[in-house]
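> Task: produce atomic coordinates for the following.
(2 chains)
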Amino acid sequence: MRWLLPALGVVIVFVLLGGAIFGLSGRLGAAPEQPVAFPHDVHVKGVGLDCTFCHRTATTGDAAGIPSVEQCMFCHRVVGQGNPEIEKVRQAGQNQSPIDWIKVHRLPDSVHFTHAPHIRAGVACATCHGQVEGMKQARQVRDLRMGDCVSCHRQNNATTDCAACHY
Amino acid sequence: MALTRRQFLKVAATSTVGAVAFVACSTPQDEFLIQSPVKMPEDLVAGADNWYASVCRQCPAGCGTIVRVMEGRAKKIEGNPLHPINRGKLCARGQAGLQALYHPDRLRGPRRRVGERGSGQFEEISWDEGLSLLLSRLKELQGKGQADTLLMVTDPVDGHLALLVKRFLRAFGGQHLVYEPMEPTTLTTSLQRTFGQDLIPHFDLENTQFLLSFGADFLETWLSPVAYGVGYGQFRQGNRRRGTLVVVSPRFSTTAASADEWIPIKPGTEGVLALSLAYVILSQGLASPQVAQAMTGGAGVGALESFRPEAASTITGIPARDITRLARDFAQQRPSLAIGGGPAAAQSNGLFNLSAVFALNFLVESVGQRGGVLNNPSPAIPDVGPASYNSLADWVGLEERLRTGQPRPVNLLLTRNANPVYGLPSQFASALSRVPYIVSFSSFMDETTAKADLILPGHVYLEEWGNSVPNPGPGFETIGWQQPVVNPVGDTRSFPDVLLALAQGLGGETERALPWSTFRDMLWEGAKSLHQRGSVRAADFESFWIGLLQRGGWWDTTARGGQQTTKAPVLPREPRLPSFSGEGDFHLILFPSISLGDGRGAHLPWLQGTPDPLTTVAWQTWVEMNAQSAQKMGLQEGDVLAVESPVGVVEALLYLHPAIPPGVVAMPMGQGHDAYGRYAQGRGANPLSLISLPKDSDNGSLAWAATRVRIRKTGQRVKLAKLEGFVTPTQLPGTEIVPEAQVTR
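Numbers count the residues shown, from 1 in each chain, chains lettered A, B, ... in the order given. The predicted structure follows:
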């Protein structure tokens, strides 16, 4: 079966190619359906909350952070009685059970993205995340693949050292 | 069937293999899940790690740990750099604690037996129900005036937990037995007799010049291997002169492999060799005259006439000139230190062997000296001491009590992380089944818990409070503090908390003896006597408590053990020779596996997959046999051998060992479980089932190195799971590979 090795080779090439095309690509435009239909626009534009009110560690940590159920309940113990979506949150608060959100922005495992230094450098949240205050459902508005990162780094004279992100 | 190229492509494109290969290219859906925590403590930051100091409970040594926790999940365990026992190091068993915490077969809630006992049929119940079931049993005993028929069997417990158990049983009634197959009672008795100390002294390996070990595998499993490992590094490379290590042992262990010289000895004759060394030292005038007088009862070297090297040589199998040379080195390269244990202790004459070995330290004046044997101080908090142990003799007594019901039967057995059904000779398992009601607090379905009527599973140590008084300590007062590093994974409860809840439910004297509602409260109160001295300094107790938890313990380097007051012992005049059971051609030496220990680590896959350092075998039970003896018997590596002793037969795979003495075979303990989770069950064999109870023993311990066995070929062969030989050795420039013939010679 002399053809077997080349055939396996072809399969492997397909796998790698597939990885490059599908797996590692950004998901531009993705707006996954969430377990609770959380409207960013109401909270940001309507109520006037700052991003870091909920995403508490964006200015200090690697991840921006997902607010705890407890934090939702600070207001929703009272606000929004009868709204079926808010009832879901209240239910979670009552049962002490977590909410399984779906990530909108996910970078590949080979990248170590940290929020804090970007915010320290004066990059606005909207630069990468878009006009969240106008979104009913959170959506990815930037490509966020390596080319995108590098071109922004170049424009802003930020480092393009490989090890800045790949470590 | 011949497969054509076209067929292959068709199959590959349409089969699940193809499907998986292509689907795998996109990111799996669960990678996008991001769970919101229910509550957000201040110190919890997504993506940032927290390190909590605690104590390792994978063996009784009591090493300090620091645990890396991210988003409330424990991710990594390392040694606590501040802790004086392990000084930042940790062994494989300690690292594997994570797998105990997140084990898929952990008992996650209370259960009650519904089928036949031992059938494994249980139904899940609530904690309220479980506790009231147990409470009613306890009250029933109390009501009938049978409180003394309660028996509690635990793993070695120390610190405040030992105090709690003691107080509970003193107030309620009943007996406590500590299960530990590798129990050190022979060692502690001989140390007590030689040095007059109840605590194991601090052996100062670090600063010694000549270290002589009689079977004490201190780099593997003996007492506190991580502490000794750190000391050993210092001994070899940290001091101005490199120390010399000589190992005397019937088996070529990892410690022996690390030695400058390994001296194989006939099993059980270590004491004779030690006394022969004493004879040479005295006859050549290498000891001070006062010591010589004291240790011979004034009779001089003539008292040791029966240990002349020529006589000892025939008993021990070591050439007389080697004995003389070793004695001279030991006496002249001071400070020198002699330690003993392992197969030297697990003999019918274990006490004789170890007492002779430890007495050598008096001869070279190493007792109470730097680089020698240093006393450990009594515990920092009175009543809160190290673990106590029971010898096999106590278990023999229990077996008789269970069998005959005399003087009192056992009506209720409480067991916690102890597995006597696996580790003790088989008559115990049948005796235990006579107990009408068995309650287990273990975290895993081990062989003993499988026989229980009620299971109230306890936390794994990473989820619960505690403290530890290490024995041996580092030479000064030390207490390790254990705090929970994560929230409980399942619906389990901490064993001490359950005991306190039971005391409250019982009321009366038991409640008065244990007035705390949680074990943490008891520890909090206990810590108060440590405030104002030692390593944690704080103005108020609240800050002291926080400092205590941050550092993972408390120690006072100024509170050292007192000076040696016991006089040098008088050496025995006549040898006590070992007696063995069985009449086979081979002497069987068991050894605790460096990863699985006596078997309690067998449920963790990391430990199962950790290759033995010498043979490189993992996952299996093997028999180490001299390569040439095996050749004579026509045996090959991987042959399934039946190893037969007077009390049992086990099957294990042959490993051809170039260095084990021809008449000796060795087997690791730890495998051969028929319960204890998916990774332990039905794997390898349990060689402890070959060991019979001691008859004319001088110490009452399990003599696990005193059995002679027959070896039979079964005709099957299995490939050994070993790393050795997997990679062909490559020639590096400038170094020469030692030819195999030279190694096996």
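
> Can I take it that residue B:538 is in a strand?
No: looking at residue B:538 with DSSP: H, G, I helix; E, B strand; the rest coil, it is coil, so not inside a strand.

> Next one, pLDDT for it please.
Predicted confidence (pLDDT) at residue B:538: the value is 94.

> pretty sure it is touching residue B:531, no?
Yes: contact criterion CB atoms under 8 Å: residue B:538 and residue B:531 qualify, at 7.4 Å. Just so you know, the C-beta spots here come from the backbone N, C-alpha and C atoms, and that holds for glycine as well.

> overlap in contacts of these two?
Both residue B:538 and residue B:531 are in contact with residue B:544, where contact means CB atoms under 8 Å, 6 or more residues apart in numbering or on different chains.

> So which of these two has more stuff around it?
Looking at residue B:538 and residue B:531 with other CB atoms under 10 Å in any protein chain shown, you find the greater number of neighbours at residue B:531, namely 19 against 14.

> where exactly do the helices run in the stretch 501-650 of chain B?
Assigned helices in the stretch 501-650 of chain B, in chain order: B:508-513, B:519-527, B:541-551, B:605-608, B:627-632 (criterion: DSSP state H, counting those that start in this stretch).

> With mean pLDDT as extra columns, can I get the ones you listed in a markdown table?
Below are the helices of the stretch 501-650 of chain B laid out as a markdown table (pLDDT from 0 to 100):
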| stretch | mean pLDDT |
| --- | --- |
| helix B:508-513 | 95 |
| helix B:519-527 | 97 |
| helix B:541-551 | 97 |
| helix B:605-608 | 97 |
| helix B:627-632 | 94 |
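
> Count the neighbours of residue 140 for me.
You didn't say which chain, so I picked chain A. If we define neighbours as other CB under 10 Å, then residue A:140 has 20 of them.

> switch to chain B, that's the one I care about
Neighbours around residue B:140, by other CB under 10 Å: 13.

> Figure out how far the strand or helix carrying it is from the centre of its chain.
Counting by DSSP states H and E, the secondary-structure element that holds residue B:140 is helix B:127-143. Once both centres are worked out by CA atoms, centre = their mean, to the nearest Å, helix B:127-143 turns out to sit 34 Å from its chain's centre.

> Stretch B:591-605 now?
Relative to its parent chain, stretch B:591-605 has a centroid offset of 9 Å by CA atoms, centre = their mean.

> so how far does it reach from one end to the other?
Between the opening and closing residues of stretch B:591-605 we find a distance of 20 Å, counting by CA to CA, to the nearest Å.

> buried residues in that stretch?
Taking 16 or more other CB atoms under 10 Å in any protein chain shown as the basis for neighbour counts, the residues of stretch B:591-605 that come out buried are B:591-605.

> Then stretch B:652-670?
Residues of stretch B:652-670 classed as buried: B:652-657, B:659-661, B:664-670 (neighbour count, 16+ other CB under 10 Å).

> would you put the C-alpha positions of it in PDB?
Coordinates of the C-alpha atoms in stretch B:652-670 are reproduced here as PDB (Å, rounded to 0.1, in the frame of the first residue of the first chain):
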ATOM      1  CA  ALA B 652       3.200 -10.500  38.900                       C
ATOM      2  CA  LEU B 653       5.500  -9.700  35.900                       C
ATOM      3  CA  LEU B 654       9.200 -10.600  35.900                       C
ATOM      4  CA  TYR B 655      11.600  -7.700  35.800                       C
ATOM      5  CA  LEU B 656      15.200  -8.700  35.200                       C
ATOM      6  CA  HIS B 657      17.300  -6.700  37.700                       C
ATOM      7  CA  PRO B 658      21.100  -6.500  37.200                       C
ATOM      8  CA  ALA B 659      21.700  -5.600  40.900                       C
ATOM      9  CA  ILE B 660      19.400  -7.500  43.200                       C
ATOM     10  CA  PRO B 661      21.200 -10.300  45.100                       C
ATOM     11  CA  PRO B 662      20.600 -13.800  43.500                       C
ATOM     12  CA  GLY B 663      18.600 -15.300  46.400                       C
ATOM     13  CA  VAL B 664      16.300 -12.300  46.800                       C
ATOM     14  CA  VAL B 665      13.200 -11.100  45.000                       C
ATOM     15  CA  ALA B 666      11.500  -7.700  45.600                       C
ATOM     16  CA  MET B 667       8.000  -6.500  44.900                       C
ATOM     17  CA  PRO B 668       6.500  -3.100  45.200                       C
ATOM     18  CA  MET B 669       3.400  -2.600  47.300                       C
ATOM     19  CA  GLY B 670       0.400  -0.500  46.300                       C
END
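
> mind listing what residue B:191 touches?
Remark: with contacts taken as CB under 8 Å, 6+ apart, residue B:191 is in contact with B:197, B:200-201, B:354, B:358.

> let's go with 10 Å and repeat that
B:184, B:197-201, B:354-355, B:358, B:373, B:472 (CB atoms under 10 Å, 6 or more residues apart in numbering or on different chains).

> same question, residue B:52
For residue B:52, the contacting residues are B:43, B:65-69, B:74, B:462, B:483-486, B:549-550, B:552, taking CB under 10 Å, 6+ apart as the criterion.

> Which of the buried residues of stretch B:652-670 sits closest to residue A:37?
Among the buried residues of stretch B:652-670, residue B:670 lies closest to residue A:37 (CB to CB), at 54.4 Å.

> where exactly do the helices run in chain A?
Using DSSP state H, the helices of chain A run over residues A:4-18, A:40-41, A:51-54, A:69-76, A:84-95, A:115-120, A:125-129, A:146-155.

> Let's test this: mean pLDDT of the shortest one, rounded?
So the one you mean is helix A:40-41. Here the mean pLDDT over helix A:40-41 is 94, rounded to a whole number.

> How about it and chain B, touching?
No: interface with chain B: helix A:40-41 contributes nothing (CB under 10 Å from any CB of the partner chain), its closest point being 15.1 Å away.

> could you say what helices and strands the helix holding residue B:140 packs with?
Taking 3 or more CB pairs under 10 Å, 6 or more residues apart in numbering or on different chains; DSSP states H and E as the contact definition, the neighbouring helices and strands of helix B:127-143 are strand B:111-113, strand B:150-154, helix B:159-172, strand B:412-416, strand B:437-440, strand B:454-455, helix B:495-506, helix B:508-513.

> and among those, the most buried is which?
The highest mean neighbour count among the helices and strands packed on helix B:127-143 belongs to strand B:412-416 (a mean of 26), with neighbours defined as mean count of other CB atoms under 10 Å in any protein chain shown.
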